[in-house]
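S.K.: sequence and predicted structure, then a few things I'm wondering about:
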Amino acid sequence: MPRIRDEWYIIVNPHAGSGKTMSKWVPAEKLLHSLGVPFYTVFTNYKHHAVELASTAARLGYRKIAAVGGDGSIHEVFNGILTWCSYSGVDPEEFYVAVVPIGSGNDWIKAFNVPNDTEDVVKLLAKGDFCKEDVVKVTPCDKVEHYMANIGGLGFDSHVCSRVNAQKERGMRSASIYFKSLVYTIFHLKPIRVSVSREGDEIYSGETMSIAMGNGKYSGGGMRQCNLAVPDDGLLDMIVVPKMPLSRLLKEIPRILNGSTSESEVVNYLRGTSFEISPLDPSSADIIELDGEIIGTLPARIELTGKKINVLCNTKE
């Protein structure tokens, strides 16, 4: 085994934050130096490069790994570290993970009271406040394991993400693209037919408009689909939205904004340690998103591994 390194391994996504990464990262880098924080910086060159870099860093003995970017960046870093841990047998609890938020989506940090400010996060990093987060593994139909840092879903949830990602790839970086994608999907999405099991027992079967599963509660710029989710409570939260008239669906949408989804009389709010979602017909083998990234299609298993990882948090808030 390589020697364990004390430096932070910092993975910078130069394309995050609508191309404003370097203008924010350069002063942050100087601040890290002034605070006496040892670190080594690398830059991503293509999509999913951070997965490779984080995995390599873990193999080389780095146990403190940070992403400079948004929710997509931390998703890749999580997957690089945790896939390597699964392969090597190293306990994820050896790792300390942080994100310096310069992305267009910064929802993961909200669960840990981490400020959405580069300078404040660098100071927090130097201070070294950390807490635990449950490790969540998701296995879609191709049996390739993925890990979820924050929240994922299918149906309405995944199709909004797919549309947002497609617009970002075309160079659109407006803050309104998520809202516009949400509105478009409300009026165009068709329900799918699925079976949902919890710990091996079927608890839902039929048509659904959307399913969201959360280790954290915030997504889409602060919406709270899984409003009771706590990252370290040993439980996964899930909502299943059955098919309903559009007029009723529109009445339920404010709940994801005000954090009252669990109080709905028509949305199924579920909690458990493992779930399986299976399509009831070929056309219902829907796409799945994790932390805003499309990772495969149904069927899928979502489960807590029983392991935890250390993440930067603001314990004073």
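M.R.: Sure thing, it's come through.

S.K.: flag the shaky bits of this protein, pLDDT-wise.
M.R.: Within the chain, the segments meeting pLDDT under 70 span 1, 17-19, 103-105, 173-175, 317.

S.K.: who are the packing partners of the longest helix seen in it?
M.R.: For the chain, the helix that runs over the most residues, judged by DSSP state H, is helix 71-88. If contacts are counted by 3 or more CB pairs under 8 Å, 6 or more residues apart in numbering; DSSP states H and E, helix 71-88 sits against helix 49-59, strand 62-69, strand 96-101, strand 146-148, strand 300-312. In short, each C-beta sits where N, CA and C put it, glycine included.

S.K.: output those in a markdown table; the columns should cover distance to Val12.
M.R.: A markdown table is the format used below for the helices and strands packed on helix 71-88 (distance: least, CB to CB, whole Å):
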| stretch | distance to Val12 |
| --- | --- |
| helix 49-59 | 9 |
| strand 62-69 | 4 |
| strand 96-101 | 8 |
| strand 146-148 | 21 |
| strand 300-312 | 16 |
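
S.K.: how about stretch 245-252: buried residues?
M.R.: Leu249, Glu252 (16 or more other CB atoms under 10 Å).

S.K.: using CSV, write down the CA coordinates of that stretch.
M.R.: The C-alpha trace of stretch 245-252 is given here as CSV (Å, rounded to 0.1, in the frame of the first residue of the first chain):
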residue,chain,number,x,y,z
PRO,A,245,-54.8,14.4,-13.3
LEU,A,246,-52.6,17.3,-14.3
SER,A,247,-54.8,19.7,-12.2
ARG,A,248,-54.0,17.7,-9.1
LEU,A,249,-50.4,17.3,-9.9
LEU,A,250,-50.0,21.0,-10.2
LYS,A,251,-51.5,21.4,-6.7
GLU,A,252,-48.8,19.1,-5.3
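
S.K.: ok, and what's touching that stretch?
M.R.: With contacts defined as CB atoms under 8 Å, 6 or more residues apart in numbering, stretch 245-252 is touched by Ile186, Phe187, Met209, Val241, Met244, Ser264, Val266, Val267.

S.K.: one step back: between strand 300-312 and the longest helix of the chain, find me the angle.
M.R.: 100 degrees (axes from the mean of the first three to the mean of the last three CA atoms, to 10 degrees).

S.K.: show me the contacts for Ala126.
M.R.: Leu32, Leu35, Gly36, Val37.

S.K.: so it sits in a strand?
M.R.: No - according to DSSP: H, G, I helix; E, B strand; the rest coil, Ala126 belongs to no strand; its state is helix.

S.K.: ok, back up a step: what is the most widely separated pair among the contacts of stretch 245-252?
M.R.: By the measure CB to CB, Phe187 and Ser264 form the most distant pair in those, at 21.0 Å.

S.K.: between the two, who's got more neighbours?
M.R.: Neighbour count, other CB atoms under 10 Å: between Phe187 and Ser264, Ser264 has more, with 15 against 7.

S.K.: hmm, the more buried one is touching Ile256, no?
M.R.: No - Ser264 is beyond contact range of Ile256, at 9.8 Å (criterion: CB atoms under 8 Å).

S.K.: so which bits of stretch 125-143 are buried?
M.R.: Leu125, Phe130, Cys131, Glu133, Asp134, Val135, Val136, Lys137, Val138, Thr139, Pro140.

S.K.: looking at those residues, which are in strands?
M.R.: Phe130, Cys131, Glu133, Asp134, Val135, Val136, Lys137, Val138, Thr139 (DSSP state E).

S.K.: could the residues you listed go into TSV alongside distance to Val196?
M.R.: Output for those, formatted as TSV (distance: CB to CB, whole Å):
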residue	distance to Val196
Phe130	34
Cys131	30
Glu133	24
Asp134	20
Val135	22
Val136	16
Lys137	17
Val138	14
Thr139	15
